[in-house]
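Enquirer: quick one: sequence plus predicted model below, questions after.
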Amino acid sequence: MKALFIGLGSIGQRHLQNFIELRPHYTPALAYRTSKSNNVIKNGDIVPDKTLSNYYNILEFTKIEEALDENPDVAFICNPSYLHMETALRIAENNIHFFIEKPLAVTTSGIKDLENKINKNKLINMVGYQTRFNPAVIEANDIISSLKYGKIISAEFKWCTYLPDHHPYEDYRNGYAARKDLGGGVIFCLIHELDIIQWFFGCPISVYAVKGAQSKLEMDVEDDVSAILEFKYDSSVFPLNLHLSFSQKVEERYFNVLMQDALLKVNLVTNEIEIIENNKNFHYHQKYDNLDRNSFFKQELEEFIKACENNEKTSIPVSEGKKSIIIATALHESIRNNKRIRI
């Protein structure tokens, strides 16, 4: 299997490192990149006195046509968000299986065309939502879908973090997350929460979102958003409160789901899950200790590689990954027009 990596920033190098570890016999890999940066990034730090090509033993190309001439079997799309759809269409046209980092796109334009190319060429594909591989999230999904504790009454999701802490080796203001022209902003960059939400509950029937007052982060994109998402549940509806922020120094990431007979609480900073039953002396608590965040990336990569090796489908194909884009673009529309948007 010949693999082409498109983009070798932090996430591109993480996938490349895991690929080399999981399938060393498939190397050397190919890489197409236009950046002149030669920093090797590992575990959030710069590896000194190394170059990308020497460190990873890869064949680098500055023109995508030259990389495609090498006839790669699979591609890993890890360039800036605004280029994802354009790149995916190019890869699909060349009949190459692909893994694409989140978000799939920053608009819904082109998604239908991409799906048609995928179906026509029978391409294996996967969107990078590694949070789905967190055992606390998996257990929560099992609890919710079992209906053991009754219908959903309401839910709350919160992920507040501090953008400058994400890549301390670089000026965050130059990164894609802080720039509108690169597809940044808290909605698309923290889109994992939207993926979890639609995985648990399906797509909402409407959304209403507002931006927080601009912080001191010097960004031209939204850095704090609160929203209410409305979900249809049988003959009734339930609300979900969502808060995403890049401007909170102390990180919080959790969700609470209130059901008819119990409250489900999940903390994704400490990887703890609780169930508190109503009117009963029952309190379930589970903490997943010593979880390695990179293990989630390895698991999703292993799934994609095995799917390519065995000609199987993945659990998060484009048809699934597009749902969070639909929600994200609706949130943006709601902010622009200051009104509730039906989906």
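Expert: Yep, it's here.

Enquirer: other residues contacting the longest strand along the chain?
Expert: Longest strand of the chain, by residue count under DSSP state E: strand 247-259. Residues from elsewhere that reach strand 247-259 (C-beta atoms under 8 Å, 6 or more residues apart in numbering): 140, 144, 149-163, 165, 193, 196, 200, 212, 215-217, 223-224, 263-269. Any C-beta I mention is one placed from the backbone N, CA and C, and that applies to glycine too.

Enquirer: pull out the buried residues from the residues you listed.
Expert: Listed as buried from these are 140, 144, 149, 152, 155, 157-163, 193, 196, 200, 217, 223-224, 264-268; burial here means 16 or more other C-beta atoms under 10 Å.

Enquirer: in strands only, show me those.
Expert: Per DSSP E, the buried ones among the contacts of strand 247-259 map to strands at 152, 155, 157-162, 224, 264-267.

Enquirer: check those and tell me the two furthest apart.
Expert: Put simply, by C-beta to C-beta the two of these set farthest apart are Ile152 and Tyr162, 31.0 Å from each other.

Enquirer: coming back round to it: so how far is the longest strand of the chain from its chain's centroid?
Expert: Distance of strand 247-259 from the chain centroid (C-alpha atoms, centre = their mean, to the nearest Å) equals 17 Å.

Enquirer: pLDDT on it, on average?
Expert: The average pLDDT within strand 247-259 is 97.

Enquirer: ok, stretch 56-72 next?
Expert: The model assigns stretch 56-72 a mean pLDDT of 95.

Enquirer: who touches that stretch?
Expert: Stretch 56-72 is contacted from outside by 2-6, 13, 16-17, 20, 27-34, 40, 52-53, 90, 94, 96, using C-beta under 8 Å, 6+ apart.

Enquirer: quick one: the helices in the chain, in order.
Expert: 10-22, 52-56, 64-68, 84-93, 111-121, 135-146, 186-189, 192-201, 293-310, 318-337 (DSSP state H).

Enquirer: Arg179: which of those is closest?
Expert: helix 186-189 (10.7 Å).
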